[in-house]
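[1] Sequence first, then the predicted structure:
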Amino acid sequence: MGRGGLMMRDLGTVVGVKRRRQNPNCTPNWAKLAVLDGWVLGLLPPIPPGCPVARQSLTLRAGKGSRSVLSRGCCLQGGGREAESPVRHLPGSFSLCRPGLLLPRGFALRSASPLPPTSRELPPPSSSASTLNPQPRLSGAGLGAFSRPELWMWAPEKPTAPTSKMDSRYTSNAGLGDLNQLSAAIPATRVEVSVSCRNLLDRDTFSKSDPICVLYVQGVGNKEWREFGRTEVIDNTLNPDFVRKFILDYFFEERENLRFDLYDVDSKSPNLSKHDFLGQVFCTLGEIVGSQGSRLEKSIVGIPGKKCGTIILTAEELNCCRDAVLMQFCANKLDKKDFFGKSDPFLVFYRSNEDGSFTICHKTEVVKNTLNPIWQAFKISVRALCNGDYDRTVKVEVYDWDRDGSHDFIGEFTTSYRELSRGQSQFNIYEVINPKKKGKKKKYTNSGTVTLLSFLVETEVSFLDYIKGGTQINFTVAIDFTASNGNPTQPTSLHYMNPYQLNAYGMALKAVGEIVQDYDSDKMFPALGFGAKLPPDGRISHEFALNGNPRNPYCDGIEGVMEAYYKSLKSVQLYGPTNFAPVINHVARYASSVKDGSQYFVLLIVTDGVISDMAQTKESIVNASKLPMSIIIVGVGPAEFDAMVELDGDDERVSSRGKYAERDIVQFVPFRDYIDRSGNHILSMARLAKDVLAEIPEQFLSYMRARGIKPSPAPPPYTPPTHVLHTQI
């Protein structure tokens, strides 16, 4: 037995660590530690009910239900609390409390200072450090024996051997940061996916199957499937309702491919090839979320000639991502900075990052000519303010506004969400300190005070609330068939049909359409063209159906759109000019008939040239801004698209005849910015889809908020029929 009550077995680079239990009747179980080039990695199983843990592992100390802070408030779930253990235990998973970064069951802490005494008893380090995948650094003190720790994911090629029958709690999983190189810097909504199955294959002779579900996530760049996690094993059932959930980061603008594999477990081996395959299901996270009630049923496939049953996938948004705060501040006796008047003060809020830097997250309005300003109340999401970490430092700087932009620094103070949540009290009166003045003047006290007047927490309605309530996203495509694209039969043409790869138009259609189609129940999309002469009379049209049927321009899925596009290239004559207004008005007519929030319309325009009807297009956009509608414009080819930037109202709202657009509904991107120099077209398409779709949820919400439309109630959750199950612990 090692120091500190650690029971160790020499398993090469893996060491078993016995947990002490406060309840002597509970059977101890083993955590796993691996030492790789000085890194200590932990894999901790969940704690069975009724068996609180007194101590676990050499780098973690567990106390059931406890919570503490890891460097600047970043908290780990998965251990407990003592001086050297800034973690807490939630059965079955490890993750950062900070939304947006998932830390599955494998983790590692590396120290700049010597390891604790108990770690010296571990076997010598291995040289196989290549299995470590770096993640953001957690800097700062607060780890006791560990100083300036770094956080890493552990994703070995071979899972660690379990101590119970196929239990996933010892399985090492790749992190989402490793799987998705395009993850947004701002934390995404987190979604919990539940898995149930019905009528699974029975592969056991004398009993029913003992199923387990394994989730794989597909990487964006190399399309490689990486294991994300496993459910528990449920004994002797063909209709399992798995207790263990999968928590995923949800990005509307990305196609997140998932694969659920099912096995009948026959032994304790973690090697899936040693167990009976029961089938698999492919889907996207968007497909689950976009289904009615966010509940997706799909047939299990994979065994020819066999009915493999059905899988039921349910998604639920986690509430921790949805809080917003309404705050109001005032100040008293601020320093006077103007010669001919008082100061014009405003506040700038920053959230701290793990590396010690700060990111701006809010700026108040300027209150003119006063040293005792009262700022308007403002709303900010908890994610933006502190990344969901209530103890993370929030810095507030006070400035005197100057017309030339050289604002004068008055002073600063720091606080945190937890302190602010106390509301108006003596704890939320802050001295504004100017460090330079404090260093120069011995009698310096402060440069005024800032007081919190109110603090109100609200749960924001999200994009997913509307989708779960039944709102449908209607997707329409409009393609530029003007002559400036070049002869489609020539390789230099932007419409050239290369048998080996998609052209720019095809890539844009597929990248965006494959994501949006998950939110449309019938998967039927209108596909339009503009700028061509149509057979048989050569009439010029800026609003024609790609499938040749103006009364029913709908295509079956994005593949149907692609097929209609290729057929049109063979039948129409490319001509001109480049007019957008007709296709915008086409979609607007449909959007104007449905203003109750039950439907939202997205128009994708793919074009190669400079717009010819700018005035008419601006007027159409201004009118459409009042409707449940968004417009995506993708510019392909080498042309200059300066005029298109005018239509993208990020900096200035589009206007026509003195009227401004009610909201920003246009997103423009040039396709050439997404061409991967290495020839990786899959990555190009993923990046394109991410950027062109990133604004859709906020544009959607801006319409709903402006019209006061609340999401419809979601259907009641699915309640499985009652049947006796035996779950392995």
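    Alright, I've got the coordinates.
[2] the helices in this structure, which residues?
    176-179, 285-290, 382-386, 417-420, 435-440, 463-468, 504-516, 557-571, 581-591, 614-624, 642-647, 681-693, 696-707 (DSSP state H).
[3] pLDDT on the first one, on average?
    On average, the pLDDT along helix 176-179 is 31.
[4] Let me have the helices of the chain in JSON lines, extended by distance to Phe427.
    (Each C-beta comes from the backbone N, C-alpha and C, glycine too.) Formatted as JSON lines, the helices of the chain follow (distance: least, C-beta to C-beta, whole Å):
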{"stretch": "helix 176-179", "distance to Phe427": "36"}
{"stretch": "helix 285-290", "distance to Phe427": "40"}
{"stretch": "helix 382-386", "distance to Phe427": "17"}
{"stretch": "helix 417-420", "distance to Phe427": "6"}
{"stretch": "helix 435-440", "distance to Phe427": "22"}
{"stretch": "helix 463-468", "distance to Phe427": "34"}
{"stretch": "helix 504-516", "distance to Phe427": "46"}
{"stretch": "helix 557-571", "distance to Phe427": "55"}
{"stretch": "helix 581-591", "distance to Phe427": "50"}
{"stretch": "helix 614-624", "distance to Phe427": "48"}
{"stretch": "helix 642-647", "distance to Phe427": "47"}
{"stretch": "helix 681-693", "distance to Phe427": "42"}
{"stretch": "helix 696-707", "distance to Phe427": "33"}
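[5] Distance to Asn549 and mean neighbour count added to the ones you listed, as a markdown table?
    Listed next are those as a markdown table, based on distance: least, C-beta to C-beta, whole Å; neighbours: other C-beta atoms under 10 Å:
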| stretch | distance to Asn549 | mean neighbour count |
| --- | --- | --- |
| helix 176-179 | 42 | 20 |
| helix 285-290 | 27 | 24 |
| helix 382-386 | 46 | 22 |
| helix 417-420 | 56 | 18 |
| helix 435-440 | 71 | 11 |
| helix 463-468 | 30 | 24 |
| helix 504-516 | 19 | 24 |
| helix 557-571 | 10 | 18 |
| helix 581-591 | 15 | 20 |
| helix 614-624 | 24 | 20 |
| helix 642-647 | 30 | 16 |
| helix 681-693 | 28 | 21 |
| helix 696-707 | 28 | 18 |
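[6] By mean pLDDT, show me the worst of the ones you listed.
    Among the helices of the chain, helix 176-179 scores lowest, at a mean of 31.
[7] how far away is the nearest residue to Tyr263 once chain neighbours are set aside from Pro304?
    Among residues not flanking Tyr263 along the chain, His275 sits closest, at 4.3 Å (C-beta to C-beta, 6 or more residues apart in numbering). Distance of His275 to Pro304, given as C-beta to C-beta, to the nearest Å: 19 Å.
[8] Repeat that for Ala686.
    32 Å.
[9] His275 and Pro304: which is more packed in?
    His275 (22 against 5; other C-beta atoms under 10 Å).
[10] which residues touch the more buried one?
    166, 212, 263-267, 269 (C-beta atoms under 8 Å, 6 or more residues apart in numbering).
[11] sorry, back to before: quick check: the residue nearest to Tyr263 vs Pro240, distance?
    15 Å.
[12] before we move on, what about Met562?
    38 Å.
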